[in-house]
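Engineer: Build the 3D model from these lines:
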Amino acid sequence: MKQQFEIINQLKIQAIEPDKIYYQIDFNYFSSKENSFPQQKLYSTIDNALDINYSKNPIPAQKIAQIKLNNNYQYYDVLKQDRNIIEILYPTETFQTLDDGIHYYILDKDNRLQKKENFKDVFEEPCYLRVEKLNGKVISIQKRPISSISHFSYDYWPNQNLKYIKLEIFNNQNSMIYLSEKFYDENGNKLKGNQHNLLTHQTMRYTEINKDHIKRIEEYFDNNGIMTNHVTYFDRSKPFPRLENKQFDSTGKINKITGHKPNEIFDDSANDLVEPSPYNTLIMDVEKTSGFLTRKLFKRTYDIDTTQWDKEAINRAKFLGIKPSQTYYTKLPYTYFSDERYKNFPHQKPLTLIEAEHQLSNAKYYDLIKFEVGDNYQYKTIVREKWQQTAITLPLEQFKPLENDIYFFVIDINGQLTQLKNIEQAVAQNSYIRVEKEMGKVVSIVKKTQIYKVLNEFEYKDNNLKSSKFTVLKSVVLPHFVIESKYEDERNIVTYQQIKNSQGIIIRTYNYINNDQLIAVSDHFDDNGIRTNHLELKLDESYDKIYEKNQFVDEKGNLIITIDYSDKESKDNSIIKGRNTPQPYDKLPFIPDMFEEVIFDCYLKQLKTLRDNNN
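Structural biologist: Reported below is the predicted structural model:
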């Protein structure tokens, strides 16, 4: 009560009045009386103070709410507008004549820039551009499209406890797409609620029970009003499971009971509003934009129609100066397949070899990654090398004649240095010495040793990954072998994978089945191509957990024993001891980039073993 009194008193001092519109940054949804009083600064007008720099936030987004307070100074009407903050690739020459500071633009239908005087002039636009200059340089060009529009309505009991909350979510045409209502008793305890997705016409209603071990009951309905799920949540006094999800068919019969919650009928965090034209043609700067937003972009790999995103990715590669059939090097950290690399298009400005070789100069390990794109601007080949870097001491007299620059050497067993012509010769070695000289002094002597070198090759069909080939070219811990993969159309699911040893003999296979409870099958072979194991990846009877069924066979293909890992007692059967030597490449399938981590992990384990033995 004291805190609420202080908040209200401060609002009155600031001349904040009930029933007037104010603006607030970062309004958060609340469901308790304690949070119903504004604790952040309120603005009476839209001005540049609301357009603060959000780029350093963990999830950069512009969140501005128009709020009204009731006579008790509690929120009762809130219209909230969220915008994504997306750095874009745009010719900086356009803004050469601007003074230092923040500048605002919108685009007309012909994609031409129209300058606006201040933030107030762009606040209600579905999207606008924000340009920032510092010391005569453009340091940021952002597009800020509206990602969500939410309207909150609050009602209270006479004791100021919450009575009712209504949430409405709208699209860019101000049509409602989602409705949620919650009802509370006079003590602030939630009684019941409902949700309605106006796009799919799915609904969910729930009741808080809080007796007989039951916390809550939810009922889900499809677009025809037929119940699809009846979910019971239990309190912690009841042993597992914590919930029971009865799933119904169209006739009302139970066809499955699981312990998992159904999918949300509307996920507002995953459904940003569509960017309006022509802003949707502006290219995202993947390096400078938040990883939270770039991951959303890359998940569009699974959209039904990815034409727009493919076109953007191609334009991005062209803007960055990347051309087919030429060799480039990537920046670190490396963008990983699928999650960070939309459909295997390059997204970062490439480096020269000398720039790439000197990245993470103080790190113990670093990657040197070379790539080439095909005519479709998707990765054709990626060569990735892992190097160890160790600072060493050498007699400095031998470097006195050298000018200020970077030099490369190889060293023989007697410690004698032989200078190499260039960086290309250096990285072709298994090990080399890098010497850097500045202002007449040697500032760095580093020995670099290659740990592994691998090659990824890709083939596509209609910009979708069709197949890949992963080859271990060099490794100090694993022998040469090849992983060949095939993929499902329009998705990155591995449908078939095989591993060949250095003699070209198949030693592992994987087939994606996804038929009823059988997800996939895998076969293990020895180095002579004789099958030793047949494995099945299956769902249990409740379709909740995945387990492995491993069949051991002899040289003639006869079944020796089956280990069903859903049966704990079968794991210790003495018959199979010595017949199940695990290998780093057992856990198929591997997606591109994934096995490199396996190789490096093997290397680190080998180092640890050597250190332990020496101790």
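Engineer: give me phi/psi at residue 344?
Structural biologist: Note on residue 344: its backbone torsions stand at phi 70, psi 30 [degrees, to the nearest 10].
Engineer: so who does it touch?
Structural biologist: 337, 378, 379, 458, 460, 465, 592 (CB atoms under 8 Å, 6 or more residues apart in numbering). From N, CA and C alone the C-beta is placed, and that goes for glycine too.
Engineer: Repeat the analysis, applying 6 Å as the threshold.
Structural biologist: 378, 379 (CB atoms under 6 Å, 6 or more residues apart in numbering).
Engineer: Check the gap between it and residue 86 for me.
Structural biologist: Remark: distance between residue 344 and residue 86 (CB to CB, to the nearest Å) = 22 Å.
Engineer: Repeat that for residue 278.
Structural biologist: Distance from residue 278 to residue 86, counting by CB to CB: 14 Å.
Engineer: out of these two, which sits in the more crowded spot?
Structural biologist: Legend: neighbour count by other CB atoms under 10 Å for residue 278 and residue 86, higher for residue 86 (26 against 14).
Engineer: So that one sits against residue 141, correct?
Structural biologist: No. Using CB atoms under 6 Å, residue 86 is not in contact with residue 141; the gap is 9.8 Å.
Engineer: can you tell me which helix in this protein is longest?
Structural biologist: helix 594-614 (DSSP state H).
Engineer: So which bits of that helix are buried?
Structural biologist: Residues of helix 594-614 classed as buried by neighbour count (16 or more other CB atoms under 10 Å): 595, 596, 599, 600, 602, 603.
Engineer: wait, the fifth one sits on residue 585?
Structural biologist: No. Counting by CB under 6 Å, residue 602 stays clear of residue 585, with 10.1 Å between them.
Engineer: Strands along the stretch 51-200 of the chain, start to end?
Structural biologist: In the stretch 51-200 of the chain, the segments counted as strands under DSSP state E, counting those that start in this stretch are 61-69, 75-84, 86-89, 101-107, 113-116, 129-134, 137-143, 146-156, 162-170, 176-184, 190-197.
Engineer: First-to-last residue distance for stretch 483-502?
Structural biologist: In stretch 483-502, first residue to last residue: 11 Å (CA to CA, to the nearest Å).
Engineer: Enumerate the positions of that stretch that are buried.
Structural biologist: 483-485, 487, 490, 492, 494-501.
Engineer: what's the answer for stretch 7-23, then?
Structural biologist: 8, 11, 16, 22, 23.
Engineer: which one of those residues is nearest residue 324?
Structural biologist: Among these, residue 23 lies closest to residue 324 (CB to CB), at 49.8 Å.
Engineer: quick one: the closest one is in a strand?
Structural biologist: Yes. Using DSSP: H, G, I helix; E, B strand; the rest coil, the assignment for residue 23 is a strand.
Engineer: For the closest residue to residue 147 other than its chain neighbours, give me phi and psi.
Structural biologist: In space, residue 147 comes closest to residue 272 once its chain neighbours are excluded; the distance is 4.2 Å by CB to CB, 6 or more residues apart in numbering. For residue 272, the backbone dihedrals are phi -70, psi 150 (criterion: degrees, to the nearest 10).
Engineer: Could you check how many residues crowd around residue 272?
Structural biologist: Neighbours around residue 272, by other CB under 10 Å: 16.
Engineer: Checking residue 298 next. Helix, strand or coil?
Structural biologist: With three-state DSSP as the criterion, residue 298 reads helix.
Engineer: for residue 343, same thing?
Structural biologist: helix.
Engineer: Which residue is the nearest non-sequential neighbour of it?
Structural biologist: Per CB to CB, 6+ apart, closest to residue 343 is residue 301, 5.4 Å.
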